[in-house]
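[1] I would like the atomic coordinates for the input below:
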Amino acid sequence: MTAASVTVLAGPTAVGKGTVSTYIRDNYPDVWLSVSATTREPRPGEQDGVHYFFVGPEKFHQLVDNDDMLEWAVVHGRNSYGTIRSTVNDAVANGKKVLLEIDLQGARQVKETLPDAKFVFLAPPSWDELVRRLIGRGTETADEQQRRLETAKLELAAESEFDVTIVNDDVPRAAEELVALMGLKND
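    Okay, here's the model as predicted:
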């Protein structure tokens, strides 16, 4: 696998990683966006194989045990998420620019395996805006929101581990900055 063709995007919960990645998927066809596997239930509107590969815990652990995951983690103490190694290998072999939208734990694992990949931290404009986004999306219970905000504090403290920080104050601008870092531009 050529690490130079892989870019890792990580940041705190509710910073808009999914929104920026979706914008890139919709506007930059030369970027291959990895689809993660997860044990969590789909949110309204999410489609299996498009947003995530939704798998049960047993299947997920089988992938881990068989070393079929490039990275994986239990996120917010609840659900497992990870990147299936073969999908990334195939995209790189086909000459694609690969974007991995993953959490901090996964980014750290990829850094061990692919230290020459580009590591990009997506930051919120402010803590208050991050809280507003998390609460505003209305997809988690109050307890889950609190758990995610505690995790977000730890995730924000890891910003210095990344090569570049992009502030997500405007989705199209943040996406364009990320795609430019990947060596691509909008056609």
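
[2] the closest residue to Lys96 other than its chain neighbours: how many residues sit nearby?
    Counting by CB to CB, 6 or more residues apart in numbering, Lys96 lies nearest to Trp32, which is 3.8 Å off, once chain neighbours are set aside. For the C-beta atoms, the positions are set from N, CA and C on the backbone; glycine is no exception. Neighbourhood size, Trp32 [other CB atoms under 10 Å]: 22.

[3] with just CA atoms, put the longest helix that the chain contains into CSV.
    When the chain is parsed with DSSP state H, its longest helix is helix 142-156. Taking Å, rounded to 0.1, in the frame of the first residue of the first chain, the C-alpha atoms of helix 142-156 are listed here in CSV:
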residue,chain,number,x,y,z
ALA,A,142,-28.7,13.3,26.9
ASP,A,143,-26.4,10.7,28.5
GLU,A,144,-24.9,9.8,25.1
GLN,A,145,-24.3,13.5,24.4
GLN,A,146,-22.5,14.0,27.7
ARG,A,147,-20.4,10.9,27.1
ARG,A,148,-19.5,12.2,23.6
LEU,A,149,-18.6,15.7,25.0
GLU,A,150,-16.3,14.1,27.5
THR,A,151,-14.6,12.2,24.7
ALA,A,152,-14.4,15.3,22.6
LYS,A,153,-12.3,17.1,25.2
LEU,A,154,-9.7,14.3,25.0
GLU,A,155,-9.9,14.3,21.2
LEU,A,156,-9.3,18.0,21.0
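
[4] pull out the buried positions in it.
    For helix 142-156, a neighbour-count test (16 or more other CB atoms under 10 Å) marks 145, 147-149, 151-152, 155-156 as buried.

[5] list the helices and strands it packs on?
    helix 127-137 (3 or more CB pairs under 8 Å, 6 or more residues apart in numbering; DSSP states H and E).
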